[in-house]
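>>> Structure for the following, please:
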Amino acid sequence: MSVTIEDKIEMFRKMLFGNIELDSSKRKEALQKELDERMKELKRQIELQKQEIMSEAIGKADRERQQLVAKARAEEQHRLLISQQGFIEQLIELITQKAERFARTQNVRESEYGKYLSRAVSDSCRNFNECNSIVLYFNENDIVNNKEFICELLVSAREEKKFELRLSTDCIIGGFIVMDSEGILQADYSLLSIIEENRDKLGLSVSRMFEEVMS
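Residues are numbered from 1 along each chain as shown. Presented below is the predicted three-dimensional model:
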């Protein structure tokens, strides 16, 4: 069978277009593969960014939570401290009132307050034994009602050495403040000083009590 020019042209066309189609198909496959790789990388980057954003958001939320917890704890501690201080001041006020009643006894010679004055006068005279003259400051109640008893204690303890009683301008509740006549040496035997000296111990006791209640 003879091959005509038309047959040759058709065969050439088929070969040409076949090669073109094959080449195009390969390019399509390569392009699709490249596109798939790019899409895969894009998805990976998006996932990484999403994780970073989530991690940052979680970290920020955690920091804010910690700040809120710290703020709430600080506010609670502040309220607790105010409550403690208020409670301590109430106790101090109650103790002060009790001390005032303690110092305003009717019969000082036979009272516990009288015993306190006796011990305090004896101790102060021993500590100021080298001073030829001392001054003792009492409150108005002791000057008016207990002066005779106090003078008897001082005469017995001081013997021939001089002493002088004066009215204290400060609120001392009871007891007295003593100093030498030159005002160089001084000792505080007032009931107020005893209360103030024990304020810190009272505060520690109250703090422990609050801690036990809150735990």
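>>> so where's the chain shaky on pLDDT?
Scanning the chain for pLDDT under 70 picks out 1-3, 7-8, 12-28, 31, 35, 213-215.
>>> Any chance of the backbone angles for the residue positioned nearest the centre of it?
By CA atoms, centre = their mean, the chain has its centre lying nearest to Gln77, at 5.8 Å. Gln77 adopts backbone torsions of phi -60, psi -40, taken as degrees, to the nearest 10.
>>> Same check on Asn129?
Main-chain torsions, Asn129, degrees, to the nearest 10: phi -60, psi -30.
>>> just the one 3 residues further on next, same as before
When read as degrees, to the nearest 10, the backbone of Asn132 gives phi -70, psi -20.
>>> How about it, nearest residue that isn't a chain neighbour?
Of all residues not flanking Asn132 in the chain, Lys161 sits nearest, at 5.8 Å (CB to CB, 6 or more residues apart in numbering). Heads up, the C-betas are built off the backbone N, CA and C, glycines and all.
>>> residues contacting the one you found?
Contact partners of Lys161, counting by CB atoms under 8 Å, 6 or more residues apart in numbering, are Cys131, Asn132, Ser133, Ile134.
>>> could I get the residues you listed as CSV with distance to Ala30 and neighbour count?
Conversion of the contacts of Lys161 to CSV gives the following (distance: CB to CB, whole Å; neighbours: other CB atoms under 10 Å):
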residue, distance to Ala30, neighbour count
Cys131, 114, 20
Asn132, 119, 11
Ser133, 118, 13
Ile134, 114, 22
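>>> Show me which pair in the residues you listed is furthest apart.
The two members of the contacts of Lys161 with the most space between them (CB to CB) are Asn132 and Ile134, at 8.5 Å.
>>> Return every residue with contacts to both of the two.
Lys161, Lys162, Ser181.
>>> which residues does Asn125 contact?
Just to correct that, residue 125 is Cys rather than Asn. Ile134, Leu154, Ala157, Arg158.
>>> Kindly recompute the last result at 6 Å.
By CB atoms under 6 Å, 6 or more residues apart in numbering, the contact set of Cys125 is Ala157, Arg158.
>>> And the strands in this protein?
With DSSP state E applied, the chain shows strands at 133-138, 162-167, 177-180, 186-188, listed in chain order.
>>> Out of those strands, which gets nearest to Arg65?
Taking CB to CB as the measure, the strands of the chain were each checked against Arg65, and strand 186-188 came out nearest at 52.7 Å.
>>> other SSEs contacting the closest one?
Under the contact criterion of 3 or more CB pairs under 6 Å, 6 or more residues apart in numbering; DSSP states H and E, the helices and strands touching strand 186-188 comprise strand 177-180.
>>> Outside of the strand it packs on itself, list whatever touches it.
Contacts to strand 177-180, defined as CB under 6 Å, 6+ apart, come from residues Ser124, Cys131, Ile134, Val135, Leu136, Tyr137, Leu185, Gln186, Ala187, Asp188, Ser190.
>>> Partner strands of it and their direction?
Within its sheet, strand 177-180 is paired with strand 133-138 (antiparallel), strand 186-188 (antiparallel), according to DSSP bridges.
>>> Now do the buried residues in the shortest one.
Of the residues in strand 186-188, those with enough neighbours to count as buried (16 or more other CB atoms under 10 Å) are Ala187, Asp188.
>>> Return the distance of that strand from the chain's centre.
Computed by CA atoms, centre = their mean, to the nearest Å, the separation of strand 186-188 from the middle of its chain amounts to 34 Å.
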